[in-house]
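K.L.:
Compute the structure for the input listed below.
(chains A and B)
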Amino acid sequence: MRSLFPPVDWSLFFGELVSGLTLGSIYALIALGYTMVYGILKLLNFAHGDVYMVGAFIAFFVLQWLGGPISPAVTGWLAIAIMFAVAMLGCGALGVGIERFAYRPLRNAPRIAPLISALGVSIFLQNSALLLWGPQFRDYNTFDLIGVKSYSIGKNFFISNIQILTIAASIGLMIVLTLLVSRTRAGKAMRATSFDREAAEMMGISVDRVISFTFFVGSALAAAGGVMFGIVFGQIFSLMGFTAGLKGFTAAVVGGIGSIPGAMLGGFLIGLTEAFSTGYLPGGSTYANLYVFALLIAMFLIRPSGLLGSPVIRKV
Amino acid sequence: MPDGQLGGPGLPEGAPELPDAVDRPRVGTDEWVAQVEERREAGKGLTGLVARGWERVPAPGRLLLLLGPFAVFPFITNEGNLFRYGLITLIYALLALGLNIVVGFAGLLDLGYVAFFGFGAYLYGIMASGHSGHHLQAEIAIPIVVVASALVGLLLGLTSWRLLGDYLAIVTLFFLQAFVIFVNNANGGPSDFSYPFVGRVDLTGGANGLDRIDPLNFFGFKISTTEGYYFYTLIALALVMTMLYFVNSSRTGRAWRALREDPLAAEAMSTPVNRLKLLAFMFGAATAGFTGTIFGAVQSGAFPGDYDVGLLITIYAIVILGGLGSLGGVVIGALIVNGAPELLRSSANARFLFYGVLVLALLVAMRPWYRPLVVLVGTIAFGFAVHAIVGAAWSRGTAGHIEGGGALGRGLEHWVLLPTHPGRIAGWAYFGLIVAALALTMVRGWWRVLVLIPTLYLASFVWENKLVEQVSGATRLILLGALLVVIMNARPSGIFGTARVEVA
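P.N.:
Residues are numbered from 1 along each chain as shown, chains lettered A, B, ... in the order given. This is a model prediction of the structure:
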């Protein structure tokens, strides 16, 4: 007679756990950009996912410029550091530009106007990438660049050095961001602006500059996420931003939009949901995104303000 | 009423004036509202004349003026053009009308709208096609599709109860994505769901699409020609427009507008906000589902790639170009958005259109009159100068050719740089063009003229070397995306929309 509970397949479980955490750290980085911008401007930056895609491409071209993954001009880890730095700076500038030209003129327009403008920016970036870089996949060849090693704990738990790098780097970035927001003057200005923009302006905070800075930081984090995606999965393509942006937003909402720890938590939750539904749920490998969508809807029905968000008070 | 109540002789000497005396600024009155008559009369010259004339025509006359030319179109053109320019424009217009209910009237940003269009096409295909093996008559199938779409719209609309505007946008966008994933995979294959009771079923044909959809067949009368579909769609468009005209001026329409302008205030006035949101979603979804049945039957198939974000952007561009909440504008928007890219399909036409629009935009947007002339002459001179310099220094830079460009193309070969292998240079030039265009918005007066000259030249360089390669694909969407941003920045209510009342 078969037992009611079949023996747990621990290697599958840990495999999905690790890949869920890896995915989740990427989603969390995207979600942070959404949540910061939303916290300050109450604006959904649709173009955020495409900034992430641009980041992945900038890093790819930096890698080519350094001599390609087979024979880089510098050692593998330094090459990766340069890729991160250039992509983050480039995308930061891109984010500031987007805000300056597509959102700032609309700050007092009807609510729907900046959303449509954001949609326009998103489709513009996506198709510009399609035009310039084509629809084909580009290969990072991480395997040649740093060599993939796999470590095991016990006989079922495996984790590769790339996965460790991704999870550790994203947690590091989150710590830096938390310190930035809670300890520095710029962070204080951001919190003040997010709390009450007009009052902050009266207190002598240059709100425009704070918003630009927020876009810079958010876009840089998205770029870091893009580079990580390239390193972990090896391949990038010009349409990768759309779905990733959707999931990043879902993560931000699940965690409570406007809350920075919430975005991190939400990111990991979405990553784990995707990984575990791929492994365990019917039709999971094709329909993992549908399960993420279901999670989003469930979240809205149960707790619309998210896990760590505070309930929205509407003012007249 | 005893006389002298309001100001004037009845008041004792030295009493403070009443706050709402006629010649004082009235407290609490919005300036924008107060000036409405002035603004209406303010339209000067030809545009003002046309606008006033248009407003004086009674509503049925307007409908006739808008759709009359469409009724004549089939008699002066061939089948291919009728399909591409006529039928598709009408289908887009019908879709945009439905979206206008949700976005334009009720102000709900529904980014999953296209999914209902696909839903209509697929559901009709499931009920009447060689693929599924059922062959329902259209007079039964279409009401089923309309009701089912409305019900799905109701379900999606339920999320709008608890969500503010932007949350709703992303949920609906995710819904569209979920729809596309679903129809791409629901082919009963090994990776598909296994449904309770029935097991694996081939619902949508997966990535290959649902083929062999029946033509529309009403009571045994089959629509089989493009012309037939054209008139069917035209009649449907006229009916939907009439219906929406009455809905818009009804109690419900006014309540929708109140909801759009300020949901909270509307709720405080005891408007049933949630019911109105659902109603808007249902109306929109039903219109899209209905349009889907036409599109499915015309194409005799439903394919997942047709119902994606590209179409969503197109429809949004139509609604926004036409003006949020404007019924007639939608038809004009559909004409522009569908007609222009169709003209763009051949690169010779596209070239004429591109330079024509550039020159026209210059003439319309720049004042006083001599500035655009300076810019034009300057750009042409600049181009010849650059061409001569580069030609002398780097001969491959001018060695390229324009294929089949006619007289304009031959002229351009002596003006614009055409490297033999533009690849990377064109990429950087595209980047430079974006930067230059953004810089243009930051300078004023003669500086703008100065920046505009190289920008225009750069634009034609990028166009000839890069954009022209993919006119019907990426370029089209790039232009639409840029158009959305520009229109939102210049005129948030769209070209034909009526400016809304702004309360700061």
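K.L.:
chain center to the helix or strand encompassing residue B:438: distance?
P.N.:
Assigned by DSSP states H and E, residue B:438 belongs to helix B:423-440. The chain centre lies 27 Å from the centre of helix B:423-440; the measure is C-alpha atoms, centre = their mean, to the nearest Å.
K.L.:
is the host helix or strand of residue A:122 anywhere near chain B?
P.N.:
Using DSSP H and E, residue A:122 sits in helix A:112-133. Yes - using C-beta under 8 Å from any C-beta of the partner chain, we find that helix A:112-133 touches chain B at A:112-117, A:119-128, A:130-132. (Each C-beta comes from the backbone N, C-alpha and C, glycine too.)
K.L.:
Out of those residues, which end up buried?
P.N.:
Buried by 16 or more other C-beta atoms under 10 Å in any protein chain shown: A:112-117, A:119-128, A:130-132, out of the residues of helix A:112-133 next to chain B.
K.L.:
Contact partners for the nearest residue to residue B:173 once chain neighbours are set aside?
P.N.:
The spatially closest residue to residue B:173, leaving aside those adjacent along the chain, is residue B:111, at 3.9 Å (C-beta to C-beta, 6 or more residues apart in numbering or on different chains). Contact partners of residue B:111, counting by C-beta atoms under 8 Å, 6 or more residues apart in numbering or on different chains, are A:119, B:169-170, B:172-173, B:176, B:312.
K.L.:
Could you rerun that using 10 Å?
P.N.:
A:46, A:115, A:119, B:103, B:168-177, B:309, B:312-313, B:316 (C-beta atoms under 10 Å, 6 or more residues apart in numbering or on different chains).
K.L.:
now do residue B:246
P.N.:
With contact set as C-beta under 10 Å, 6+ apart, residue B:246 has these partners: B:59, B:252-253.
K.L.:
Distance to residue B:438, secondary structure and neighbour count added to these, as TSV?
P.N.:
Listed next are the contacts of residue B:246 as TSV, based on distance: C-beta to C-beta, whole Å; DSSP: H, G, I helix; E, B strand; the rest coil; neighbours: other C-beta atoms under 10 Å in any protein chain shown:
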residue	distance to residue B:438	secondary structure	neighbour count
B:59	43	helix	14
B:252	43	helix	18
B:253	40	helix	18
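K.L.:
Quick one: the helices in chain A, in order.
P.N.:
Counting by DSSP state H, chain A has helices at residues A:10-41, A:48-65, A:76-98, A:112-133, A:142-146, A:161-183, A:185-195, A:197-202, A:207-233, A:240-255, A:260-280, A:284-302.
K.L.:
Where among the ones you listed is average confidence lowest?
P.N.:
If those are sorted by mean pLDDT, helix A:142-146 sits at the bottom with a mean of 75.
K.L.:
Buried ones in it, by neighbour count?
P.N.:
A:142, A:145-146.
K.L.:
Next to chain A, which bits of the stretch 1-150 of chain B? Give me the list.
P.N.:
Proximity of the stretch 1-150 of chain B to chain A (C-beta under 10 Å from any C-beta of the partner chain) is limited to residues B:103-104, B:107-109, B:111.
K.L.:
wait, doesn't residue A:102 sit right on residue A:123?
P.N.:
No - applying C-beta atoms under 10 Å, one finds residue A:102 not in contact with residue A:123, separated by 11.9 Å.
K.L.:
Overlap of the contact sets of the two?
P.N.:
The contact sets of residue A:102 and residue A:123 overlap at A:47, B:484-485 (C-beta under 10 Å, 6+ apart).
K.L.:
For residue B:181, list the residues it contacts.
P.N.:
Taking C-beta under 10 Å, 6+ apart, one finds A:243, A:286-290, A:293, B:304 in contact with residue B:181.
K.L.:
ok so, going back, near chain B, from the buried residues of helix A:142-146?
P.N.:
Answer for those near chain B: none qualify (C-beta under 10 Å from any C-beta).
K.L.:
Columns distance to residue A:84 on top of those, output as CSV?
P.N.:
Shown next, in CSV, are the buried residues of helix A:142-146 (distance: C-beta to C-beta, whole Å):
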residue, distance to residue A:84
A:142, 13
A:145, 13
A:146, 13
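K.L.:
which of these lies closest to chain B?
P.N.:
Among the buried residues of helix A:142-146, residue A:145 lies closest to chain B (C-beta to the nearest C-beta), at 23.6 Å.
K.L.:
Give me the most central residue, chain B.
P.N.:
residue B:318 (1.5 Å; C-alpha atoms, centre = their mean).
K.L.:
Surely it and residue B:99 touch.
P.N.:
Yes - in this structure residue B:318 lies within contact range of residue B:99 using C-beta under 10 Å: 8.1 Å.
K.L.:
Show me whatever sits in contact with both of those two.
P.N.:
Taking C-beta under 10 Å, 6+ apart as the criterion, residue B:318 and residue B:99 both touch residue B:330.
K.L.:
hey, where'd the strands end up in the stretch 251-400 of chain B?
P.N.:
Counting by DSSP state E, counting those that start in this stretch, the stretch 251-400 of chain B has strands at residues B:301-302.
K.L.:
Tell me which residue in it sits closest to chain A.
P.N.:
Of all residues in the stretch 251-400 of chain B, residue B:313 sits closest to chain A, at 5.1 Å by C-beta to the nearest C-beta.
K.L.:
Which residue, neighbours along the chain excluded, lies closest to that residue?
P.N.:
Here the residue nearest residue B:313, using C-beta to C-beta, 6+ apart, is residue A:123, at 5.1 Å.
K.L.:
Go through stretch A:282-292 and flag the buried ones.
P.N.:
A:283-284, A:286-292.
K.L.:
between those residues, which is closest to residue B:407?
P.N.:
Checking these against residue B:407 with C-beta to C-beta, the nearest one is residue A:289 at 52.0 Å.
K.L.:
what residues are up against that closest one?
P.N.:
A:243, A:246-247, A:250, A:274, A:277, B:174, B:177-178, B:180-182.
K.L.:
Which ChimeraX command selects the buried ones in the residues you listed?
P.N.:
Entered in ChimeraX, the line below selects the buried ones among the contacts of residue A:289, by 16+ other C-beta under 10 Å:
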select /A:246,247,250,274,277 /B:174,177,178,180,181,182
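K.L.:
Which single one of the contacts of residue A:289 is nearest to residue B:259?
P.N.:
Nearest member of the contacts of residue A:289 to residue B:259, counting by C-beta to C-beta, is residue B:174, at 23.3 Å.
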